[in-house]
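Asks: this one's sequence-less:
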């Protein structure tokens, strides 16, 4: 293969005047982590609410949760980001649409919210399965103690369900980190975007994307290790990781 390898390219100054090419990649990594964390917070909040609604006896709550999950789960993430970033401002009243278009860091907020909503559907299904796996006696016991429905979920069902679904939630968090790469299509220059910029500036495509791959693997390795410790810390005997 006629290709000139140059691993020292990372320590050469980049044309942006912001340091070296390595600095470019690290700044993209920081933006990736920020976007993923905000998206994951959104996914956990909305996913938990929708997941609980799908387990309530209310038909209205169940169908709202069903529609939420089917809408966000069955539409490609790329299409959703395009809808939020390009289509939504045109559908809103002129003042609101103009405000959205001029919003500072609009790609960042759009990516975080879009990825968060997309992942919330998956979190909701995981939580529904976790609650459904609990013995029926736990819910009955909460009712017998005089707890309201909200108190029963808060103090009895949800603490157990979240412990059970921690392993699949770890996978969903890793997916959230990787899904931020799609946001390059709406102008968010995160890690993948910076690797692409480095490739365009230096023509060292293999070095750029090899470095990006290593950084993704390192971040995901840290997440997996941290979640394993958390799983062992909160494990309940008889439930998955419990002893």
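Replies: Great, that's in hand. What you see is a predicted model, and the numbers here were worked out from it, not measured in a lab.

Asks: can you give me how far the longest helix anywhere in the chain is from the chain middle?
Replies: Using DSSP state H, we find that the single longest helix of the chain is helix 21-53. How far helix 21-53 lies from its chain's middle: 5 Å, per Cα atoms, centre = their mean, to the nearest Å.

Asks: Spatially central residue in this structure, please.
Replies: When the chain is reduced to its mean C-alpha position, the closest residue under Cα atoms, centre = their mean turns out to be residue 176, at 3.0 Å.

Asks: what does the strand or helix carrying it rub up against?
Replies: Taking DSSP states H and E as the definition, residue 176 sits inside helix 166-179. For helix 166-179, contacts defined as Cβ atoms under 8 Å, 6 or more residues apart in numbering pick out 32-33, 36, 39-40, 43, 77, 115, 118-119, 122-123, 126, 162, 216, 219-220, 223-224, 227, 230-231, 234, 240-241. Heads up, the C-betas are built off the backbone N, CA and C, glycines and all.

Asks: Which among those count as buried?
Replies: Of all these considered here, the ones buried according to neighbour count by 16 or more other Cβ atoms under 10 Å are 32, 36, 39-40, 43, 77, 115, 118-119, 122-123, 126, 162, 216, 219, 223, 227, 231, 241.

Asks: And the closest residue to residue 153 other than its chain neighbours, how far from residue 207?
Replies: In space, residue 153 comes closest to residue 52 once its chain neighbours are excluded; the distance is 6.0 Å by Cβ to Cβ, 6 or more residues apart in numbering. Here the criterion is Cβ to Cβ, to the nearest Å. By it, residue 52 lies 47 Å from residue 207.
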